[in-house]
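**Student:** I need the structure of the sequence given here:
(one chain, ligands or ions: 2)
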Amino acid sequence: MEQTLSIIKPDAVKKGVIGKIVDRFESNGLRVAAMKKMQLDANKAGEFYAVHKERPFYGELVQFMTSGPIVVMVLEGEEAMSKNRDLMGATNPKEAAKGTIRADFADSIDANAVHGSDSLENAANEIKFFFSKEEVI
Ligand code: ATP
Ligand code: MG
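**Tutor:** Numbering: from 1, shown residues only. Ligands and ions are numbered 1, 2, ... in the order given. The predicted structure is shown next:
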């Protein structure tokens, strides 16, 4: 059984589609093992996206991720990491396949509704970044 980290980003929280996005996961065999709503500050968002520090969009990304509350989840299930990435769709919603979360709920490459860990190693680190052991059930 795999675990992966999912974030419902500020644009999707503002639109009021938390429930619709969680339904995509639950309807596709992923279980919510942990969940919280929170507001990131620039330090925490900057640390989370540290891998993108040298990219030209880093500043905008941090600004966007701190622009409103997010919902952070641990999803659990068979091949949870890759299954979540499939359900999310491509980073740019214009390129995201029909029926994916980003195709249906995202507006642009920065306001793209969700984050999902992109490897099992990153998933383990990202889960630890947001949740204590006791919070993942
Ligand atoms: P995420 O890490 O959020 O799950 P991803 O793995 O599909 O998305 P990454 O390449 O890791 O995409 O980029 C992280 C985030 O940075 C993207 O989700 C997007 O919000 C933003 N981003 C990526 N590329 C660009 C870009 N060219 N312009 C603006 N923002 C971008
Ligand atoms: Mg990524």
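**Student:** CA only for contacts and neighbour counts going forward, please
**Tutor:** Will do.
**Student:** Please report the distance of the nearest residue to V71 once chain neighbours are set aside from ligand 1.
**Tutor:** In space, not counting the residues next to it along the chain, V71 is nearest to K37; the distance is 4.3 Å by Cα to Cα, 6 or more residues apart in numbering. Counting by Cα to the nearest ligand atom, to the nearest Å, the gap between K37 and ligand 1 amounts to 17 Å.
**Student:** so how many other residues sit close to K37?
**Tutor:** Using other Cα atoms under 10 Å, the number of residues around K37 comes to 13.
**Student:** Just read off the phi/psi values of it.
**Tutor:** Backbone torsions of K37, given as degrees, to the nearest 10, read phi -100, psi 140.
**Student:** what's the closest residue in space to H115 that isn't next to it in sequence sitting at in phi/psi?
**Tutor:** In space, and not counting its chain neighbours, H115 is closest to I7: 4.9 Å by Cα to Cα, 6+ apart. In this entry, I7 is assigned phi and psi values of phi -120, psi 130 (degrees, to the nearest 10).
**Student:** And for I7, the neighbour number?
**Tutor:** A total of 19 residues lie near I7 under the criterion other Cα under 10 Å.
**Student:** Next to ligand 1, which bits of the chain? Give me the list.
**Tutor:** For the chain, the residues in contact with ligand 1 (Cα under 6 Å from any ligand atom) are F57, L61, T91, I109, D110, A111, N112, H115, G116.
**Student:** What segments of this protein are strands?
**Tutor:** Secondary structure of the chain, counting by DSSP state E: strands at 2-8, 31-38, 70-77, 114-116.
**Student:** tell me the contacts of S67?
**Tutor:** With contacts defined as Cα atoms under 8 Å, 6 or more residues apart in numbering, S67 is in contact with P10.
**Student:** again, only using 10 Å
**Tutor:** The contact partners of S67, by Cα atoms under 10 Å, 6 or more residues apart in numbering, come to K9, P10, D11, Q39, L40, D41, A42, L61.
**Student:** ditto for S119
**Tutor:** Residues in contact with S119, defined by Cα under 10 Å, 6+ apart, are T4, M81, S82, R85, N125.
**Student:** closest point of this structure to ligand 1, which residue?
**Tutor:** Per Cα to the nearest ligand atom, the residue of the chain with the smallest distance to ligand 1 is H115, at 3.2 Å.
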